[in-house]
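based on what follows, work out the 3D shape:
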Amino acid sequence: MNPYVIREDRHERRSMRPYAPLGPLYVAAALREAGHEVVLFDATFEPRVEAVERALDSARPAMVGVYTLFLTRGNALRVARLAKTRGAFVVAGGPDATVEPEAYLSGGFDCVVAGEGERTAVELASAVEEGRDWRQVPGVVSAGGGGGAIARAPPRERIDDLDSLPMPARDLVDMRRYEREWRAAHGHFSMSIMASRGCPYRCRFCSRPIFGSTYRRRSVEGVVAELESIRRDHHPEWARFNDDILALDRKWTMQLCERVRSAGLGMRFHCLCRAELMDAELLGAMAAAGFAQVDYGVESGSQRVLDHMCKGQTVETLRRVSRETKEAGIGQHWFIMLGYPEERLEDVESTVALLLELGPESFSTTVAYPLKGTPLYEDVGRLMTGAGWRQSDDVRLVFEHTYPQAFYGWTAFRMRSAMRLRRAVRDPGSPLLRGYDGAARAVSRLLAKESGGRMDR
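This is a model prediction of the structure:
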């Protein structure tokens, strides 16, 4: 069960770029391949998560697995209560339950599947069905430790051979509904695919609870076969690679581009890459294969902040790669993070200046959120205010900082307004843009004078 409801997410409701949930679809495919009967309830387009009741009453499942994200924790707990009243064995899986299993075990779930779920789910389902001790299944976390502590079975080994996994069970979701929403909003249809798992980089704000810091990739042939399958069965014009970093292995990426190009799929592609891995030759190969958008985790225009993040990239590299991406004819989207603990007013100004200088086609902003299990949480967890995000585009400060919440809300608005003006005048050196930026800087300085917390300036 996927408890995400798009109408509850302001940002996604506006952008309307929904993708079927690959994680649950992979687990469903693995369970079905092992001989279990599987129904998948996807709440994405439902009015509220309680719509799952009709599926529970119809399928009468022995086991209910719920995919968890931080933003959907409340919905997941509501589903658990509904499933338990119908006698089902209820399992939480996914990133949020892996990081904070206590929140789910105390909320009505029988157990949590930590990490990659395919093999654990198959073994767990068989153990429950056969009446064996499911608490010892590798990867399972359950209640029952002494003094209210949790009990962890041995960890599940990561899946090295990704080609051994069946393709996601996309037939279990209403893909036509996804297509209708995409075409109504954008005039085309996009689907998602994963070619690799894991990220070996050590950014201090990043949580990698499912795939970890290893890097495993599928064969080029397997990826192309899946692209051919979704093109044949569902006719999308676009495909988004959900990989943390698509181009980590340069040789493999060049081979993928060549195979995709020669396959003549007639599709365009969208992926996330790290700037320092890119160059003109690789970008040219990607453009020839149909890659039309690359997302970059730019985060900040301040080298000092990037170093504090352990981002492993330089501002000069960002400049080079941004220009080479434009020259290759590929659009770019930037992810920008405001409010990192060491960030100061001059660092924010550097980020705004870089954005206006290079002018990516699109960008999005967040405020640093200390997720449990990350080094960032270790740094500032003691300063958490108890507030949380409820929308995927929240720019809400959740720990005490040098600057107040209003400063970050203003900065996000300022960036959006300045970029709209930049596009309108088509000249980053326009006197109109310089005048706006000067006035915006004055407002930023005024807001920054208020102390929003205990952190030193």
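
check the contact between residue 249 and residue 217; I expect there is one.
Yes. Using CB atoms under 8 Å, residue 249 is in contact with residue 217, at 6.2 Å. Just so you know, the C-beta spots here come from the backbone N, C-alpha and C atoms, and that holds for glycine as well.

tell me which of the two has more neighbours.
residue 217 (21 against 15; other CB atoms under 10 Å).

and the nearest residue to that one once chain neighbours are set aside, what pLDDT?
Excluding the flanking residues, the one nearest residue 217 by CB to CB, 6 or more residues apart in numbering is residue 196, at 3.9 Å. At residue 196, the pLDDT value in this model is 97.

and residue 196, what does it touch?
162, 215, 216, 217, 218, 243, 244, 245, 246, 248 (CB atoms under 8 Å, 6 or more residues apart in numbering).

how about the secondary structure of the nearest residue to residue 241 once chain neighbours are set aside?
Closest residue in space to residue 241, ignoring its immediate chain neighbours: residue 271 at 4.0 Å, by CB to CB, 6+ apart. Secondary structure for residue 271, judged by DSSP: H, G, I helix; E, B strand; the rest coil, is strand.

state the pLDDT value of residue 271.
In this prediction residue 271 is given a pLDDT of 98.

cool, the one 4 residues further on as well?
The predicted structure scores residue 275 at 96 on the pLDDT scale.

the nearest residue to it once chain neighbours are set aside and residue 350, how far apart?
Excluding the flanking residues, the one nearest residue 275 by CB to CB, 6+ apart is residue 321, at 4.2 Å. Distance of residue 321 to residue 350, computed by CB to CB, to the nearest Å: 17 Å.

could you do residue 336 as well?
From residue 336 across to residue 350, the span is 12 Å (CB to CB).

please say which of the two ends up with more neighbours.
Taking other CB under 10 Å, residue 336 and residue 350 do not tie; residue 336 has more neighbours (22 against 19).

doesn't that one belong to a strand?
Yes. Under three-state DSSP, residue 336 falls within a strand.

now it: closest residue in space, sequence neighbours ignored.
Closest to residue 336 by CB to CB, 6+ apart is residue 365, at 4.8 Å.

what about that neighbour, neighbour count?
Per other CB under 10 Å, the neighbour tally for residue 365 reads 20.

returning to that earlier point: just give me the closest of the contacts of residue 196 to residue 91.
residue 162 (22.7 Å; CB to CB).

and that closest one, what is it in contact with?
196, 197, 216, 217, 218, 222.

between those, which sits nearest residue 416?
Among the contacts of residue 162, and counting by CB to CB, the member closest to residue 416 is residue 196, at 32.5 Å.

next, the closest one: phi, psi?
Taking degrees, to the nearest 10, you get phi -150, psi 170 for the backbone angles of residue 196.

what does residue 217 give?
According to degrees, to the nearest 10, residue 217 has phi -130, psi 150.

please apply the same query to the one 10 residues further on.
With angles defined as degrees, to the nearest 10, residue 227 sits at phi -60, psi -40.

quick one: neighbours of it, just the number.
With other CB under 10 Å as criterion, residue 227 counts 23.

residue 261 is in contact with that one, correct?
No. Judged on CB under 8 Å, residue 227 makes no contact with residue 261 at a distance of 11.9 Å.

rewinding a little: PyMOL command to pick out the buried ones of the contacts of residue 196?
Written as a PyMOL command, the selection of buried residues from the contacts of residue 196, which uses 16 or more other CB atoms under 10 Å, is:
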select buried, resi 162+215+217+218+243+244+245+246+248
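
the contacts of residue 196 in strands, which ones?
216, 217 (DSSP state E).

what's the most distant pair in the contacts of residue 196?
162 and 245 (15.0 Å).

strands of the stretch 101-250 of the chain, residue ranges please.
Secondary structure of the stretch 101-250 of the chain (DSSP state E, counting those that start in this stretch): strands located at 111-113, 140-143, 150-152, 190-193, 196-197, 216-217, 238-241.

ok, which of those comes nearest residue 28?
strand 111-113 (13.3 Å).

now do that closest one: distance to the chain's middle.
Relative to its chain's centre, strand 111-113 lies at 21 Å (CA atoms, centre = their mean, to the nearest Å).

my read: residue 42 touches residue 22, true?
No. Counting by CB under 8 Å, residue 42 sits too far from residue 22 to count as a contact (11.8 Å).

tell me which of those two has more neighbours.
Between residue 42 and residue 22, counting by other CB under 10 Å, residue 42 is the more crowded of the two (23 against 16).

need the single longest helix in this structure, by residues.
Assignment by DSSP state H gives helix 405-425 as the longest helix of the chain.

mind listing what's buried along that helix?
405, 407-412, 414-415, 418-419, 421-422.

likewise for stretch 271-282?
Quick answer for stretch 271-282 (16+ other CB under 10 Å): 271, 272, 273, 274, 275, 277, 278, 282.

would you mind writing the CA trace of that stretch as CSV?
The C-alpha coordinates for stretch 271-282 follow below in CSV (Å, rounded to 0.1, in the frame of the first residue of the first chain):
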residue,chain,number,x,y,z
CYS,A,271,18.0,12.2,-14.5
LEU,A,272,20.0,13.3,-11.5
CYS,A,273,23.8,13.7,-11.7
ARG,A,274,26.6,15.2,-9.8
ALA,A,275,28.3,18.1,-11.5
GLU,A,276,31.9,17.0,-11.0
LEU,A,277,31.2,13.7,-12.9
MET,A,278,30.0,15.6,-16.0
ASP,A,279,31.9,17.0,-19.0
ALA,A,280,31.2,18.1,-22.5
GLU,A,281,31.8,14.7,-24.1
LEU,A,282,29.5,12.9,-21.7
